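J.: quick one: sequence plus predicted model below, questions after.
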Amino acid sequence: MKLFKFLFFISLCFFFIGNVNAANNYKSQTLKEACNEEGIVCNYNEYSYDNSKPTIYIFRRTGCSFCKDMMSYISSIIDEYKGQINVVTYEAYTNKMNLSLARLVANSLGEELEGFPYTIIGSKTFVGYQSSYNKEIISAIENLVSKKDEFDAVLYVLNELSTDSEPKSSKGYVLSFIFSLSIVLLLFFGYKLKQ
């Protein structure tokens, strides 16, 4: 019986470790951090993040030329808004949780995630980057700053995930399933051997 309790406790630990890690895998960066990571020169004043300010979100892929172009453009105009907005990036190529978040956000806006960068400014989204987007980007930022468009799709999805159930790491489920199955098999064969 002591062995059963010990194995049960260990399986619960594996289950919670896998799921707690899943909840903490969304990794955001400031625009400056993302530019530095990509080797882009971003010359603008970076203000500290303030959750009372509206936020521009850029879901990006490492090495993506369109993503670099979007980040360069945003960094070139951001000083005009004098710290009135936040800019947050999510690398969604190597971080699968960020990719999952990008898909959930796109779905919450009635869209499919079709490419990167996937930029969200209020309720306006941009896929990829072309200089022809510049006027629309500025208009979306001005609507965000003037509070004509206060919707924050990423915050909405993150709040929904925290009140519902977080997306679980498949690795955590697999580990807990394998360990739980091992316990059941050990108990079954242990019981058979005693008879």
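T.: Perfect, I can see it now.

J.: tell me the helix or strand right after the helix or strand of the chain with the lowest mean pLDDT.
T.: Least confident element among the helices and strands of the chain, by mean pLDDT, DSSP states H and E: helix 2-23 (a mean of 49). Of the helices and strands lying after helix 2-23 in sequence (DSSP states H and E), the nearest is strand 28-30.

J.: tell me the helices and strands packed up against the following helix or strand past that next one.
T.: Later in the chain than strand 28-30, the nearest helix or strand by DSSP H and E is helix 31-38. If you count contacts as 3 or more C-beta pairs under 8 Å, 6 or more residues apart in numbering; DSSP states H and E, helix 31-38 packs onto strand 55-60, helix 65-77, strand 86-91. Where C-beta positions appear, they are placed from N, C-alpha and C, glycine not excepted.

J.: need those in TSV with distance to Ser48, mean neighbour count and mean pLDDT, can you?
T.: TSV is the format used below for these (distance: least, C-beta to C-beta, whole Å; neighbours: other C-beta atoms under 10 Å; pLDDT from 0 to 100):
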stretch	distance to Ser48	mean neighbour count	mean pLDDT
strand 55-60	13	24	96
helix 65-77	16	19	95
strand 86-91	9	23	95
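
J.: outside of stretch 48-58, which residues touch it?
T.: The contact list for stretch 48-58 (C-beta atoms under 8 Å, 6 or more residues apart in numbering) reads 30-31, 34, 67, 70-71, 74, 83-90, 105, 117-122, 141, 144-145, 147, 150, 152-155.
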